[in-house]
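Chemist: can't give you the sequence, but here's the structure:
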């Protein structure tokens, strides 16, 4: 009889431990899923923040080749999109802000636009819009409109 009671007691003692282990594994799974699903949003916010606040080296590190960003000696920027097209943006037209006009020829996740100076609400030069896509933890320049 004591053998049976030991087995029953053993099972009763292990149930809370198994439940705790299963709950912990479930919570870790939920946390990893949430992290994975929010990754594109975090990548978008980080890149947009770097570009808007003129942290160009950090923004350049987030780009997936062949997309690239280079700072010219005069403070302007040169972007290369995934097709290899190069576009220069003069320093007077910076900084970039999130948003921009949609272009059906560029399927992208988000846009950033540099407006530059204006006279009485009319831009002195055409706006430059970057069409960007999130690729894992990196960003691709899909195209540039100017």
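Modeler: Happy to help now that I have it. Keep in mind that this is a model prediction, so the values were computed, not measured. Residues are numbered from 1 along each chain as shown.

Chemist: What lies in contact with stretch 83-95?
Modeler: Defining contact as CB atoms under 8 Å, 6 or more residues apart in numbering, one finds that stretch 83-95 is touched by 51-54, 66, 72, 74-81, 114-117, 125, 128, 143-144, 146. For the C-beta atoms, the positions are set from N, CA and C on the backbone; glycine is no exception.

Chemist: go with 7 Å
Modeler: Identification of contacts with stretch 83-95 by CB atoms under 7 Å, 6 or more residues apart in numbering yields 52, 54, 66, 74-80, 114, 116-117, 125, 128, 144, 146.

Chemist: next one: stretch 124-143
Modeler: Applying CB under 7 Å, 6+ apart, the external contacts of stretch 124-143 come out as 39-40, 43-44, 47, 62-64, 67, 79, 81-82, 87, 89, 93, 100-101, 103, 106-118, 144-146.

Chemist: Span of that stretch from start to end?
Modeler: 22 Å (CA to CA, to the nearest Å).

Chemist: Pull out the buried residues from that stretch.
Modeler: 128, 129, 130, 131, 132, 133, 134, 139, 140, 141, 142, 143 (16 or more other CB atoms under 10 Å).

Chemist: Can you select the buried ones among the contacts of stretch 124-143 for me in ChimeraX?
Modeler: ChimeraX command restricting these to the buried ones, with burial defined by 16+ other CB under 10 Å:
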select :40,43,44,47,62,63,64,67,79,81,82,87,89,93,100,106,108,109,110,111,112,113,114,115,116,144,145
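
Chemist: ok so, going back, closest one of the buried residues of stretch 124-143 to residue 17?
Modeler: Proximity of these to residue 17 (CB to CB) peaks at residue 134, which lies at 41.4 Å.

Chemist: hey, what's that closest one bridged with?
Modeler: residue 139 (DSSP bridges).

Chemist: So for it, what pLDDT did the model give?
Modeler: In this prediction, residue 134 carries a pLDDT score of 91.

Chemist: Likewise for residue 27?
Modeler: The predicted local confidence for residue 27 is 78.

Chemist: Then the one 3 residues further on?
Modeler: Looking at residue 30, its pLDDT stands at 74.

Chemist: Helix or strand for it, just tell me which one.
Modeler: helix 2-52 (DSSP states H and E).

Chemist: Now do the following helix or strand past that helix: everything it contacts.
Modeler: Downstream of helix 2-52, the next assigned helix or strand under DSSP H and E is helix 56-61. Applying CB under 7 Å, 6+ apart, the contact partners of helix 56-61 are 47, 50, 51, 68, 69, 71, 77.
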